[in-house]
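> My questions concern the predicted model and sequence given below.
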Amino acid sequence: MEVIRDIADFPKLKYAVVTSGTFDGAHIGHQKILRRVTERAKETGGQSVVITFWPHPRLVLFPEDNDLKLLSTIDERIQELSSFGIDYLLIIPFTKAFSRTSSRSFITDILVKAINTKVLIIGYDHRFGKNREGSFENLKARAQQYGFEVEEIPRQDVDDVAVSSTKIRKALESGDVETASRYLGRHYTLTSTVEEGNKLGRTIGYPTANLALPAPHKLVPANGVYAVWVWVGETRYAGMMNIGVRPTIDGKKLTLEVHILNFDQDIYGQSIRVEFVKQLRLEQKFNGLEALKAQLAKDKEAAEQALMG
């Protein structure tokens, strides 16, 4: 997948099959649209194109909205979208100026002139342009004029009662990563850089990789201990992760710590990806490090059981 961040750099395509949206989390509703785009591109001998926007429009239009939590950073979104065999990903910088683009300009300047859209595939509720004035009906009315076909994915295919970004966020905020996984069609992921910690874990036999806190609007699951898969480069390892304030040692700030099973490499400064499989327990305070160590042994066994069956 070729990632393009400046529309001026977009190549002139002969037959572009296009969709657009934020695709936060690329959940199973989004995936039906993405698969249809690649399917139509193959049927027509065309090229599949996804248009997305960064920062998330709400962060630009409502900067005071501190409650917005995203399921993916832009780098995570790129990785998620690449797995669907998309040919081109156009990331349009979302600014207040861009938000004032009319639906007509979006069609003429982006869909037609820049991309040479021949088929546009959208979800039933997709809106675009200034004040979200553009709609399926709007597109369909102009499609023949501008020389492209519009295909709408019906509501039952995109917005299944069990699928919405809001429901995924609520599941993660309660620690229910298994439900989130079902809605996402894969495990929820968090990517971050390993940084120096206090090295307490290694003194009790459970060394941890301490992760830098992600971007402020990236959703971190509820505090607790989780069975996780950890990707270091292209290699996957079993692990267990603690999210919380470490009450046993009177911690005060949120920390993200991963104990990678059967692993002894130095990965300080490296970026790793964590996939959440199951919450093992809530965070709790123990009477000293020995009690914590005993519980960690149980956590390790539970994590192995969750990951390996």
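Sure, I can see it.
> Tell me where the model's unsure across the protein.
By pLDDT under 70, the low-scoring segments of the chain are 66, 124-136, 155-163, 198-205, 250.
> Remind me what the longest helix anywhere in it packs against, helices and strands.
The single longest helix within the chain, with elements called by DSSP state H, is helix 289-308. Based on contacts counted as 3 or more CB pairs under 8 Å, 6 or more residues apart in numbering; DSSP states H and E, the elements that helix 289-308 packs against are strand 224-232, strand 235-244, strand 271-281. Any C-beta I mention is one placed from the backbone N, CA and C, and that applies to glycine too.
> what's the angle between it and strand 271-281?
Here helix 289-308 runs at 100 degrees with respect to strand 271-281, directions being taken by axes from the mean of the first three to the mean of the last three CA atoms, to 10 degrees.
> picking up where we left off before, out of the helices and strands packed on helix 289-308, deepest packed?
Neighbour counts averaged per stretch over those are highest for strand 224-232, at a mean of 22; criterion: mean count of other CB atoms under 10 Å.
> Identify the residues contacting it?
In this structure, residues lying in contact with strand 224-232 by CB atoms under 8 Å, 6 or more residues apart in numbering are 175, 177, 187, 209, 236-244, 258, 260, 263, 265, 267, 270, 272-283, 299, 302-303, 306-307.
> wait, is Gln79 part of a helix?
Yes - Gln79: assigned to a helix according to DSSP: H, G, I helix; E, B strand; the rest coil.
> How much space separates it from Trp231?
As defined by CB to CB, to the nearest Å, Gln79 lies at a distance of 10 Å from Trp231.
> Buried residues in the longest helix of the chain, which are they?
By neighbour count, and taking 16 or more other CB atoms under 10 Å as the criterion, the buried residues in helix 289-308 are 292, 296, 299-300, 302-303, 306-307.
> hmm, back to that, okay, the helices and strands packed on helix 289-308 in TSV with distance to Ile91 next?
Listed next are these as TSV, based on distance: least, CB to CB, whole Å:
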stretch	distance to Ile91
strand 224-232	23
strand 235-244	27
strand 271-281	19
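> Minimum distance to Ala97: which of these has it?
Taking CB to CB as the criterion, Ala97 comes closest to strand 271-281 out of those, the separation being 32.2 Å.
> And that closest one, what does it pack against?
helix 177-184, strand 188-195, strand 209-211, strand 224-232, strand 235-244, helix 289-308.
> Can you tell me the element the residue most central in space within the chain falls in?
Central residue check for the chain by CA atoms, centre = their mean: the C-alpha nearest the mean position is that of Ser72, 2.7 Å away. With the criterion set as DSSP states H and E, no secondary-structure element contains Ser72; it sits in neither a helix nor a strand.
> Tell me if I'm right that it and Glu80 touch.
Yes - look at Ser72 against Glu80 with CB atoms under 8 Å: they come within range, at 6.2 Å.
> what sits in contact with each of the two?
Residues touching both Ser72 and Glu80 by CB under 8 Å, 6+ apart: 25-26.
> Ile110: how many residues sit nearby?
Ile110 sits with 20 neighbouring residues when counted by other CB atoms under 10 Å.
> One more: the one 3 residues further on?
Here the neighbour count serves as a burial measure; for Lys113 (other CB under 10 Å) it reads 14.
> Need the three-state assignment for it.
Put simply, Lys113 is helix when judged by three-state DSSP.
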